[in-house]
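Enquirer: Could you work out the structure for the sequence below:
(2 chains)
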2 protein chains.
Amino acid sequence: MAAIGAMPEIGGFRQKSRRSFVTLILTVLTSSQSILIVWSKRAGKYEYSVTTANFLVEALKCALSLVTLLRIWRKDGVTDDNRLSTTWDEVKVYPIPAALYLVKNLLQYYIFAYVDAPGYQILKNLNIISTGILYQIILKRKLTEIQWAAFILLCAGCTTAQLNPSSDHVLQAPLQGWVMAIVMALLSGFAGVYTEAIIKKRPSRNINVQNFWLYVFGMIFNAFAIMTQDFDAVMNDGFFHGYSLITVLMILNHALSGIAVSMVMKYADNIVKVYSTSVAMLLTAVVSVFLFGFHLSLAFFLGSIVVSVAIYLHSTSKARR
Amino acid sequence: MAAIGAMPEIGGFRQKSRRSFVTLILTVLTSSQSILIVWSKRAGKYEYSVTTANFLVEALKCALSLVTLLRIWRKDGVTDDNRLSTTWDEVKVYPIPAALYLVKNLLQYYIFAYVDAPGYQILKNLNIISTGILYQIILKRKLTEIQWAAFILLCAGCTTAQLNPSSDHVLQAPLQGWVMAIVMALLSGFAGVYTEAIIKKRPSRNINVQNFWLYVFGMIFNAFAIMTQDFDAVMNDGFFHGYSLITVLMILNHALSGIAVSMVMKYADNIVKVYSTSVAMLLTAVVSVFLFGFHLSLAFFLGSIVVSVAIYLHSTSKARR
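Expert: Below is the predicted model of the structure:
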């Protein structure tokens, strides 16, 4: 991935193939992410504190960006586009996505007072719609009518694929649960779209520098989260209490897919990101059949068909632009 | 409806509004049909023999066509287009749809050895796909790629809307069950498309004459069904045994919606018919909430969204032709 960030832009084909490549990487990493989560739960080892793992993910991403930058500096020398030093004007917006994610993660603790876990999985699909709306408003780029139809289908298809006998409970969720879910969808959509806006505002700026600053603030905000949520656990049992091989693999995977998300934001957009993670969700389910002996439901098949048609519609509509 | 059949063709607008009108009527009649069925089951009165009711439906449609024709003859006189007498060349294809429906209805008795009733409801949605395929092959009219995408969505959406906790059983249905379901879908799709081909082959021929001949053969084939399936019941308990007010209303409704189907075939096509009956299915569920206190599932909402997008895609795609 590091090499891709440094690849010079030669014509539309390279741009397009780079775009496809980072999207593919994101899809694979996201689906293996979910598989690792299932695996870690199955192994019964989910005893580490999530905030320390999140902090390490940010730190690892930061380190990877720096390593890549060192290689670029050695090869191309330090230029205006790849130097690490920054201006107040450039850096002032970087804490915003990290802050938004922090607020969203804090809200996550409270929503379970109103909605059960499968219901929350269902409501998370509202992210798709909020991303589409905020993408239009903030990035001022228009989705065509067909692309909107495709996006609504993507949301309906993903939700259908995740249906299970207890999903209907979500319809009985109290108003507070729905309001919180919508607020969280807006926060997460806003954070994603805002990150894209930051990255795309300076197209010639090296993505690894942009990532570095994003992740520095990610580390700061996650350190804050450790202190507010897991201070006692870390003090008593140590920072790495409960870590296992799977935990390490999950942190590695999260870091790589975080970088892949940034790449998709730079070379594609949030819409592509949403499609990519949706396909990853479906892939995860299929792979889980082989790995864990899960069963695929009829709802999963129907949802997959709807998602496939959504992808087809989105891609033909783009071709006609 | 009779008046519509006799309405002279004045420009595209009248044609389009007639098309919309017959489609609307079909939708309303189809959904009230299902509501009557639920009502009759609730009332616990489903004791009449279905074959006699089917025969009466054909007879009533035949009578209604004749009454309309009498009014047309009185107004416009007997012409080549509205005379009842026919040629061997015209009439020889009319028994085919009736024969296909008979075979399909006979198969229906056997499929339940392999598939349960909710599973059969799910498999019936294969009709949508078979109609689309046979529409292209037999009527040689091309659906655009977007229209095909919409049609696949219509099928997936209708199935999703009908999902219930026991729907997954259908995935475990034996191969014979699936083969029979596919054969039945092809028979029913073929019967529908073939009827359209017959009606559209002579565009200037009065629809009531075409209906009259279709229904005459419907009567003949249903008489055959009475004799093979309900001969003893009719002989012992009489033709009208078990009839109630609801039965009479159902026969009336079936007759009117049968005529509406013919009108849709004449002035629109099988694709419109499929959309119309799908919307009717959704309408029925919504109305049942108010009439019978049914609950709508999350799957129903998701399916309805997908069907709505399908309708939108189909209509915009048509507008661009």
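
Enquirer: ok, now how distant is the most centrally placed residue in chain A from chain B?
Expert: Among the residues of chain A, the one closest to the centroid is A:Val261, at 6.1 Å (Cα atoms, centre = their mean). According to Cβ to the nearest Cβ, to the nearest Å, A:Val261 and chain B sit 27 Å apart. Every residue, glycine included, has its C-beta placed from N, CA and C.

Enquirer: now swap in A:Ser262 and tell me
Expert: 32 Å.

Enquirer: returning to what we had before: please give me every residue in contact with the residue nearest to the centre of chain A.
Expert: By Cβ atoms under 8 Å, 6 or more residues apart in numbering or on different chains, the residues touching A:Val261 are A:26, A:273.

Enquirer: Which element is encountered next along the chain beyond the lowest-mean-pLDDT helix or strand in chain A?
Expert: Least confident helix or strand, chain A: helix A:2-6 with a mean of 41, by mean pLDDT, DSSP states H and E. As assigned by DSSP states H and E, the chain's next helix or strand after helix A:2-6 is helix A:11-42.

Enquirer: Could you name the helices and strands sitting against that next one?
Expert: helix A:2-6, helix A:245-267, helix A:270-292 (3 or more Cβ pairs under 8 Å, 6 or more residues apart in numbering or on different chains; DSSP states H and E).

Enquirer: Can you mark which positions in that helix are buried?
Expert: By 16 or more other Cβ atoms under 10 Å in any protein chain shown, the buried positions in helix A:11-42 come out as A:18-19, A:21-23, A:25-36, A:38-40.

Enquirer: again, but for stretch A:127-146
Expert: Neighbour-count burial for stretch A:127-146 [16+ other Cβ under 10 Å]: A:127-135, A:138-139, A:143, A:146.

Enquirer: Give me the distance between the residue nearest to the centre of chain A and A:Met184.
Expert: 18 Å (Cβ to Cβ, to the nearest Å).

Enquirer: now A:Asn211
Expert: 25 Å.

Enquirer: neighbour count winner among these two?
Expert: Per other Cβ atoms under 10 Å in any protein chain shown, whichever of A:Asn211 and A:Met184 has more neighbours is A:Asn211, with 27 against 23.

Enquirer: show me what contacts that one?
Expert: A:Asn211 neighbours (Cβ under 8 Å, 6+ apart): A:61, A:65, A:259, A:262.

Enquirer: what about the last one, neighbour count?
Expert: As a burial measure, A:Ser262 scores 25 neighbours (other Cβ under 10 Å).

Enquirer: Run through the residues of chain A sitting next to chain B.
Expert: Taking Cβ under 8 Å from any Cβ of the partner chain as the criterion, chain A approaches chain B at residues A:122, A:145-146, A:149, A:152-153, A:156-157, A:159-160, A:163, A:165, A:167-168, A:170-171, A:297-299, A:302-303, A:305-306, A:309, A:312-313, A:316.

Enquirer: hang on, the earlier thing: can you give me the pLDDT of the residue nearest to the centre of chain A?
Expert: Listed pLDDT for A:Val261 reads 93.

Enquirer: Next one: it from A:Leu56, what distance?
Expert: When A:Val261 is compared with A:Leu56 (using Cβ to Cβ), they lie 17 Å apart.

Enquirer: Could you list the buried residues of stretch A:178-195?
Expert: Applying 16+ other Cβ under 10 Å to stretch A:178-195 flags A:178, A:180-181, A:184-195 as buried.

Enquirer: should've said stretch A:282-289
Expert: A:282-285, A:287-288.

Enquirer: Distance from the chain centre to it, please.
Expert: Put simply, stretch A:282-289 sits 19 Å off its chain's centre (Cα atoms, centre = their mean, to the nearest Å).

Enquirer: what does stretch A:182-197 give?
Expert: On Cα atoms, centre = their mean, the centre of stretch A:182-197 falls 11 Å from the chain's centre.

Enquirer: With stretch A:31-50 instead?
Expert: 17 Å.

Enquirer: Could you list the residues in contact with that stretch?
Expert: A:226, A:229-230, A:233-234, A:240-244, A:246-247, A:249-250, A:253-254, A:257, A:280-281, A:283-284, A:287-288, A:291-292.

Enquirer: For that stretch, the averaged confidence score.
Expert: Averaging pLDDT along stretch A:31-50 yields 74.
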